[in-house]
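Asks: Structure for the following, please:
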Amino acid sequence: MTNEDMTGTPCEDEAGQETAPVEETVEALSDEAIGDLLDTLEGEVSIAMSQLLVERDQAREDRLRALAEVSNNQRRAMQNETRIEITARAGIVRDVLPILDQINMALAQDLESVTTDQLADGVRIAGDELMKMLKEHGVESIEPAPGDEFDPMQHEAMLKQASEDVETDHIVQVMQAGYKMGDRVLRPAKVAVAP
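Replies: Have a look, this model is predicted:
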């Protein structure tokens with residue numbers, strides 16, 4: 001076996017020692033050079049070469065068409081994602097607007113004639129409506145009770161607070177409710193934990 005027989009693979013020299021592979025580089029021929037070469041060929045070889053050139057040109061066109069189609073699909077997918085995101089945001093904003101109207105109506109009251117209880121009731125109603133709307137969008141509150149076990153995936157320990165009634169690593173006090181959407185915690189509940 002000679003070095004010319006297998007390009008890029010190890011070969012043996014006359015002493016039987018393995019030698020480094022011989023790299024052959026083939027320069028690409030221009031279409032004009034290929035045309036000149038075809039003119040020198042005859043018969044079936046010429047026909048076969050002509051057919052290969054037609055197939056090569058078709059493969060180039062198919063490749064360019066496929067690349068353009070992939071690029072167009074990526075652009076359309078990005079546009080669709082943007083459209084879906086805007087539509088989702090618009091839906092949430094539409095649902096919040098009536099709650100904003102309720103808050104504005106409560107604030108538009110004559111503060112001289114409205115009692116503190118009436119004002120608090122108006123705010124409470126608006127808060128209930130907001131929570132109802134959030135639940136419709138899949139948001140749930142995280143409100144652990146004192147004595148519940150501390151869960152670092154849903155709770156954030158703000159401080160350690162001693163308590164005779166609560167076990168170690170259990171919640172003593174809830175300082176702020178948390179919220180989650182499905183399995184994703186949007187904001188953990190802020191709690192005090194027994195040391």
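Asks: Give me the distance from the longest helix anywhere in the chain to the chain's centre.
Replies: For the chain, the helix with the greatest residue count under DSSP state H is helix 43-107. Helix 43-107 sits 16 Å away from the centroid of its parent chain (Cα atoms, centre = their mean, to the nearest Å).
Asks: which other helices and strands contact the helix or strand following it?
Replies: Counting by DSSP states H and E, the next helix or strand C-terminal to helix 43-107 is helix 116-136. Packing contacts for helix 116-136, counted by 3 or more Cβ pairs under 8 Å, 6 or more residues apart in numbering; DSSP states H and E, involve helix 43-107. For every residue, glycine as well, the C-beta is placed using N, CA and C.
Asks: The helix it packs on versus helix 116-136: what angle between them?
Replies: 160 degrees (axes from the mean of the first three to the mean of the last three Cα atoms, to 10 degrees).
Asks: just checking, what packs against helix 43-107?
Replies: Helix 43-107 packs on helix 31-40, helix 116-136, going by 3+ Cβ pairs under 8 Å, 6+ apart.
Asks: ok, now how distant is the residue most central in space within the chain from residue 73?
Replies: Centrality entry for the chain: nearest residue to the mean C-alpha point is residue 81, 10.7 Å, by Cα atoms, centre = their mean. For residue 81, the distance to residue 73 equals 13 Å [Cβ to Cβ, to the nearest Å].
Asks: Repeat that for residue 42.
Replies: On the measure of Cβ to Cβ, residue 42 and residue 73 end up 46 Å apart.
Asks: Provide the partner residues of the nearest residue to residue 148 once chain neighbours are set aside in its beta bridges.
Replies: Leaving out its chain neighbours, the residue that sits closest to residue 148 by Cβ to Cβ, 6 or more residues apart in numbering is residue 171, at 4.9 Å. Residue 171 forms beta bridges with residue 193, as assigned by DSSP bridges.
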